[in-house]
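In: below are the sequence and a predicted model; questions follow.
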Amino acid sequence: MLIRVIPAVNTLYGETIFAKRNPHLTEICYIDGKTASSLHEHNALATILAAENPPRLSMHDLTQAIIHKELWNEAVTNNVDYTIAQDNAVLHQDFVAQSNQILKNLPPAWDIILWGWMFDSILHVDLLADLKRCLIYSDKFSLAQRHEEFQQSKSTGIALRLQNALGIFAYTISSSGAAKLMQLCFPLAAHTVELPGLDKPLDNTRLDIEMNRHYELINAYVCCSPLAIFS
């Protein structure tokens, strides 16, 4: 499985940190910020932000949106699945074997599966197909300092139908899913997103927040227990 690693923050050491934390991964392609710079130079922001009422994205979050969209476009053009991870992601020691097996067991029309989510927020899933939805809260204890324990844990992930989750630091997207999300998300216009269990709506100032407007419209899944965390 080829994993395309993108920068989480503007750092010169992302590649080194990812490789050090994930020595078990061998098929890696690093994507740098030149993708975003190139699109800026070619005035391609019109494909990212709506001309009227665009959301207020920071430069970092705008760059992230550009890179994700460019990779989605490649997935569509090449008609292949893309696995994408941020360089601050920590992937389980059995990530490749387990993720490949989970992907094989997904329905043929799957669009995207998250391998982890932001544990300081909620996870909203279908627990029993379309019969029962479940809202999961995680404790606030950080896994960032325990990533080696996470990697060596004996957990086994299963795919659950996703309704809402924040974070796109590790996921696999199909070519059909990439096409759908490009059409649904872009160009980005300002919206508020209501997530169950949160006190107030969120402005879609990040791409992952915007994607929560559309998960229920596509065949989206999440792996639980997670096969990826971030630090």
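Out: Thanks, I have the structure now.

In: next helix or strand past the lengthiest helix in the chain?
Out: Longest helix of the chain, by residue count under DSSP state H: helix 59-78. Next along the chain after helix 59-78, taking DSSP states H and E as the criterion, comes strand 82-86.

In: which parts of this protein are strands?
Out: Per DSSP state E, the chain carries strands over the ranges 3-6, 28-30, 82-86, 89-91, 112-114, 122-126, 133-137, 158-165, 170-173, 192-193, 202-203, 220-224, 228-230.

In: what is the neighbour count of residue 8?
Out: Residue 8 has 19 neighbours, counted by other CB atoms under 10 Å. Where C-beta positions appear, they are placed from N, C-alpha and C, glycine not excepted.

In: isn't it right up against residue 86?
Out: Yes - using CB atoms under 8 Å, residue 8 makes contact with residue 86 at a distance of 3.9 Å.

In: now do the shared contacts for those two.
Out: Common contacts of residue 8 and residue 86, defined by CB atoms under 8 Å, 6 or more residues apart in numbering, comprise 169, 230.

In: confidence-wise, which helix or strand of the protein is lowest on average?
Out: For the chain, counting by mean pLDDT, DSSP states H and E, helix 34-41 ranks last in confidence among helices and strands (a mean of 53).

In: what's across from residue 160 in the sheet?
Out: residue 222 (DSSP bridges).

In: what about it, how many residues nearby?
Out: Neighbourhood size, residue 160 [other CB under 10 Å]: 20.

In: for the one 5 residues further on, same thing?
Out: Burial measure for residue 165: 25 neighbouring residues, criterion other CB under 10 Å.

In: so where's this protein shaky on pLDDT?
Out: The chain contains residues with pLDDT under 70 at 10-13, 33-44, 129-131, 140-142, 144.

In: tell me the centre residue of it?
Out: The centroid of the chain falls nearest to residue 168 when counting by CA atoms, centre = their mean (2.1 Å).

In: touching, that one and residue 212? I think so.
Out: No - using CB under 8 Å, residue 168 makes no contact with residue 212, being 10.4 Å away.

In: for residue 161, list the residues it contacts.
Out: 125-126, 129, 220-221.

In: can you pull the contacts of the residue with the largest distance to the centre of the chain?
Out: Centroid-distance maximum for the chain: residue 52 at 26.5 Å, with CA atoms, centre = their mean. Neighbouring residues of residue 52 by CB under 8 Å, 6+ apart: residue 189.

In: next, it: phi, psi?
Out: The phi/psi pair for residue 52 (degrees, to the nearest 10) reads phi -110, psi 130.

In: roughly how far apart are it and residue 187?
Out: 10 Å (CB to CB, to the nearest Å).

In: and residue 120, by the same measure?
Out: 29 Å.

In: cool, and residue 221?
Out: 26 Å.

In: who has more neighbours, the two?
Out: Comparing residue 221 with residue 187 by other CB under 10 Å, the one with more neighbours is residue 221, at 24 against 14.

In: surely residue 99 is in contact with residue 1?
Out: Yes - when contacts are counted by CB under 8 Å, residue 99 is listed as touching residue 1 (6.7 Å).

In: what sits in contact with each of the two?
Out: With CB under 8 Å, 6+ apart, residue 99 and residue 1 have common neighbours residue 83.

In: okay, those two: which has more neighbours?
Out: Neighbours were counted for residue 99 and for residue 1 using other CB under 10 Å; residue 99 has more, 24 against 15.
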